[in-house]
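Peer 1: Fold the stuff below for me.
(chains A, B, C and D)
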Number of protein chains: 2
Amino acid sequence: MLYKMQNRKSNPARRSGCPLNASVEVLGDRWSLLIIRDMMLRGFSTFKEFLGSYEGIATNILTDRLRRLEEHGIIQAHADPADGRRLNYRLTAKGIDLAPVLTEMVLWAAEHEETDNQALVQLMQKDRTEFLAGIRRRWDEENRKAPKNGKKLQVVRSS
Amino acid sequence: MLYKMQNRKSNPARRSGCPLNASVEVLGDRWSLLIIRDMMLRGFSTFKEFLGSYEGIATNILTDRLRRLEEHGIIQAHADPADGRRLNYRLTAKGIDLAPVLTEMVLWAAEHEETDNQALVQLMQKDRTEFLAGIRRRWDEENRKAPKNGKKLQVVRSS
DNA sequence: CAGTTCACTTGTTAAAAGCAAGTAAGAACG
DNA sequence: CGTTCTTACTTGCTTTTAACAAGTGAACTG
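Peer 2: Numbers count the residues shown, from 1 in each chain, chains lettered A, B, ... in the order given. Here you go, the predicted structure:
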């Protein structure tokens, strides 16, 4: 098992109460933020889409990260009403609130590292507030229609 | 060896050109950001101080993270002119530019997780721009006096 | 109802983290 | 000026986590 099962409430033995440490314990690995990026910026929502992302995550790691993000209340899995095999993962309010973090990380890297995707970066640089408002707007819209058809899962996880 | 040695310029085989991925590859682990926090917010600068931080990093991991952060140009080691044993680590301009990232991570965790240090959080919430300006100001001051006595190391690393 | 797609599992190997102990260069004290 | 202490590491070993490859079962598709 990749991660020991933990009571899904609050903080099961955190290293410290520092808020930065809390963020690091949730997001401080090589994949979680990339999954959130794919959902927030590219509109991805399924296992297969995440798998196909350029960086190439392994299936077991992806499964584990999706479970962790769900345990931390950052994403939620919804059964697709049109296809029983498919799970649609969506960002929660807590998840979409990570937009400023992602934005600052993108801006920092764009300034100090060699990176691609200048279009996105320029959007962020031009008016960060408006960029964030746009992300929020899209999320609001998706959530206004989505919960009607794809209802929350009863059984979140089998094991 | 904890990390394979890599040419210290630019991007030695990055997973993708996405700026977020660049940030994640540099900062996406359980310790780097905490070390940066200690330097930025608590004024720590020596190996011993980092070691004593609450989360309890191991000596070999700390050595490795300091080396990585230095390789990425986020910190710089300076020989202490008053004590030849001691190295003073200081944030570079690239390093201090991480202040907005840290701030957003702290604010996110403060809002969505159970955390301590409400004093710091309220400072950030009240006026984020002024908070960031304060960090920058302190860094400017420290750099105005520091480079005079503690000059840059000739031999950065032995191996 | 044979084949395919989707979201995982399982098994194995590689890499990284964590722990304990040791070390070398330098400083402080007597 | 030699013993002791401090700082910043190394080294060796064990545990945990990540990565890679292959397989599985339920659900859809032609």
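
Peer 1: tell me which parts of chain A are close to DNA strand D?
Peer 2: For chain A, the residues in contact with DNA strand D (C-beta under 7 Å from any atom of the strand) are A:2-4, A:29-31, A:56-61, A:64, A:82-85. For the C-beta atoms, the positions are set from N, CA and C on the backbone; glycine is no exception.

Peer 1: for chain A, what are the low-confidence residue spans?
Peer 2: A:1-13, A:146-159 (pLDDT under 70).

Peer 1: so where do the helices sit in it?
Peer 2: A:19-27, A:32-42, A:47-51, A:59-71, A:93-96, A:99-112, A:118-126, A:128-149 (DSSP state H).

Peer 1: For the third one, buried residues please.
Peer 2: The neighbour-count check on helix A:47-51 (16 or more other C-beta atoms under 10 Å in any protein chain shown) flags A:47, A:50 as buried.

Peer 1: which helices and strands does that helix pack with?
Peer 2: helix A:32-42, helix A:59-71 (3 or more C-beta pairs under 8 Å, 6 or more residues apart in numbering or on different chains; DSSP states H and E).

Peer 1: contacting residues around it?
Peer 2: A:35, A:38, A:44, A:57, A:59, A:62-63, A:66, A:87, A:89 (C-beta atoms under 8 Å, 6 or more residues apart in numbering or on different chains).

Peer 1: could these be laid out in CSV, adding neighbour count and distance to A:Asp127?
Peer 2: Shown next, in CSV, are the contacts of helix A:47-51 (neighbours: other C-beta atoms under 10 Å in any protein chain shown; distance: C-beta to C-beta, whole Å):
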residue, neighbour count, distance to A:Asp127
A:Ile35, 21, 26
A:Asp38, 21, 23
A:Phe44, 19, 25
A:Ile57, 20, 32
A:Thr59, 10, 39
A:Leu62, 17, 34
A:Thr63, 13, 38
A:Leu66, 19, 32
A:Leu87, 17, 35
A:Tyr89, 22, 29
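
Peer 1: Turn these into a markdown table, columns for distance to chain B.
Peer 2: Below are those laid out as a markdown table (distance: C-beta to the nearest C-beta, whole Å):
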| residue | distance to chain B |
| --- | --- |
| A:Ile35 | 11 |
| A:Asp38 | 10 |
| A:Phe44 | 13 |
| A:Ile57 | 10 |
| A:Thr59 | 17 |
| A:Leu62 | 14 |
| A:Thr63 | 19 |
| A:Leu66 | 17 |
| A:Leu87 | 23 |
| A:Tyr89 | 18 |
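
Peer 1: which among those are in contact with DNA strand C?
Peer 2: Answer for the contacts of helix A:47-51 near DNA strand C (C-beta under 7 Å from any atom of the strand): A:59, A:63, A:66, A:87.

Peer 1: Farthest-apart pair in those residues, please.
Peer 2: The largest separation in those, counting by C-beta to C-beta, is between A:Thr59 and A:Leu87 at 13.9 Å.

Peer 1: what's the residue in chain A positioned nearest to DNA strand D sitting at in phi/psi?
Peer 2: Distance from DNA strand D to each residue of chain A (C-beta to the nearest atom of the strand) is smallest for A:Gly84, at 2.9 Å. Here is the backbone geometry of A:Gly84 (degrees, to the nearest 10): phi -60, psi -20.

Peer 1: ok, it - contacts?
Peer 2: A:Gly84 neighbours (C-beta under 8 Å, 6+ apart): none.

Peer 1: now the one 10 residues further on
Peer 2: The neighbours of A:Lys94, taking C-beta under 8 Å, 6+ apart as the test, are A:72-74, B:112.

Peer 1: circling back to that earlier point, using CSV, lay out the helices and strands packed on helix A:47-51 together with distance to A:Leu102.
Peer 2: Converted to CSV, the helices and strands packed on helix A:47-51 look like this (distance: least, C-beta to C-beta, whole Å):
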stretch, distance to A:Leu102
helix A:32-42, 6
helix A:59-71, 14
